[in-house]
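In: Fold the following and give me the result.
(one chain, ligands or ions: 2)
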Amino acid sequence: MAEIRMSGIDEDALAGLARALAAHVRGGGSIHLAGPLGAGKTTFARALLRALGAGARIKSPTYTLIETYVLPGLTVQHLDLYRIAAAEELEWLGLRDLADGAVLWLIEWPERGIGAIPPPDLAVYLEHAPVGRDVHLKGGSEKGRRWLAALPRLPNAVCARQVGGNS
Ligand SMILES: Nc1ncnc2c1ncn2[C@@H]1O[C@H](COP(=O)(O)OP(=O)(O)OP(=O)(O)O)[C@@H](O)[C@H]1O
Ligand SMILES: [Mg+2]
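Out: Residues are numbered from 1 along each chain as shown. Ligands and ions are numbered 1, 2, ... in the order given. Predicted coordinates:
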């Protein structure tokens, strides 16, 4: 499955989507969380991190740029690139050295770090809607498409077949 779209979902449903995904991402990979200010990127990341066992208090990396969670068998790197003006500014973080072993990347404002961050296995686009948020999940690799295919049937989800892609 290449894409899933959900419209006007509330915060509980958005968190539920992240929780459903958590079961499939323990092997690591890259999830880009895109969308305007306040769209729900951190909300999604927090729900996913909690479901992975990162604990109840999960800070937003808005000020620190990166928050690291070392979990059994998986390290999660949660980044917020809002304050980054150019991808070169990320060099000092040494992201490549952080990519050893099973690492799950959760990257807010990914468009600001293109070239310096792992490309997405899954891209999550969030938008403000008249009620709640519109969500568009797009597989960026075979792995990401497998994650989407493994999700349970979600309420209010329209699964679109990507042109030339597999179902
Ligand atoms: N599906 C939703 N429906 C309604 N409100 C939501 C939804 N998801 C998150 N919110 C609320 O929107 C606000 C912003 O959420 P959040 O901090 O996750 O956004 P963000 O995309 O990370 O913002 P930023 O760009 O500042 O990092 C929070 O008050 C959150 O409770
Ligand atoms: Mg945020």
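In: Run through the strands of this protein in chain order.
Out: Using DSSP state E, the strands of the chain run over 3-9, 29-34, 66-71, 74-80, 103-108, 122-128, 133-139, 157-160.
In: now the ones you listed in CSV, with mean neighbour count and distance to ligand 1?
Out: Every residue, glycine included, has its C-beta placed from N, CA and C. Listed next are the strands of the chain as CSV, based on neighbours: other C-beta atoms under 10 Å; distance: least, C-beta to the nearest ligand atom, whole Å:
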stretch, mean neighbour count, distance to ligand 1
strand 3-9, 18, 5
strand 29-34, 24, 7
strand 66-71, 15, 13
strand 74-80, 23, 6
strand 103-108, 24, 5
strand 122-128, 20, 6
strand 133-139, 21, 4
strand 157-160, 14, 14
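In: residues near Thr43, how many?
Out: 18 (other C-beta atoms under 10 Å).
In: Against Ser141, how distant is it?
Out: 24 Å (C-beta to C-beta, to the nearest Å).
In: Tell me the bridge partners for the residue nearest to Gln77 when sequence neighbours are not counted.
Out: Counting by C-beta to C-beta, 6 or more residues apart in numbering, Trp105 is the residue found nearest to Gln77 once chain neighbours are left out, at 5.3 Å. Beta-bridge partners recorded for Trp105 (DSSP bridges): Ser30, Gln77.
In: No further queries at this time; thank you.
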